[in-house]
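Asks: quick one, what's the 3D model for this:
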Amino acid sequence: MATVKQILEGKGYQVWTITADQTVYNALRLMGEKEIGALAVVEGGTLVGILSERDYARKVVLQGKTSRETLIREIMTSPAISIRPDQSVAECMTLMTDRRVRHLPVLDNSKLIGMISLGDLVKSVIDEQQFTIKQLEGYIGQ
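Replies: Purely as a prediction, here's the structure:
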């Protein structure tokens, strides 16, 4: 089974970040521009939390707050649930299911090096299954 490192090597190590003292509106604008569902929240180069569309929906919209006045620190999930590059796709899927999250920051020796989503994991599983099917078809066809 694939590892987080292999997924990042395929999709890239780009991770979009924001600071906790910015407004939720700024975060939403960035997520919209980059077409992503979550941002890593960093302070001084250290991961301090994560802000997702789910955080916005549950902690701003449903509580009658406004995104232009609410600071990220007020609604971010902290501490962020993170993973290491050597962890397997299966481990990550279990963690996401158990903790009910859709995005996981990737830390290597406490340094933020990437972010994977549930979609990245599903794509990895599908790719691996397709490879196995092709191998088996080749074996059967011999």
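Asks: okay, CA-based contacts and neighbour counts for the rest of this
Replies: Will do.
Asks: so the residue nearest the centre of the chain bridges to which residues?
Replies: Nearest to the geometric centre of the chain sits H103, at 2.6 Å (CA atoms, centre = their mean). As for beta bridges, H103 partners with S117 under DSSP bridges.
Asks: do I have it right that it meets D120?
Replies: No: when contacts are counted by CA atoms under 8 Å, H103 is not listed as touching D120 (9.4 Å).
Asks: thinking again about what came up before, any idea how far the residue nearest to the centre of the chain lies from E137?
Replies: Going from H103 to E137 by CA to CA, to the nearest Å gives 34 Å.
Asks: which SSE is I7 in?
Replies: helix 4-11 (DSSP states H and E).
Asks: just the CA atoms of that helix, as PDB, please.
Replies: Written as PDB, here are the backbone C-alpha positions of helix 4-11 (Å, rounded to 0.1, in the frame of the first residue of the first chain):
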ATOM      1  CA  VAL A   4       1.900   9.600   2.300                       C
ATOM      2  CA  LYS A   5       5.300  10.400   0.800                       C
ATOM      3  CA  GLN A   6       4.400   8.700  -2.400                       C
ATOM      4  CA  ILE A   7       1.100  10.600  -2.700                       C
ATOM      5  CA  LEU A   8       3.000  13.900  -2.100                       C
ATOM      6  CA  GLU A   9       5.600  13.000  -4.800                       C
ATOM      7  CA  GLY A  10       2.700  12.500  -7.200                       C
ATOM      8  CA  LYS A  11       0.600  15.500  -6.400                       C
END
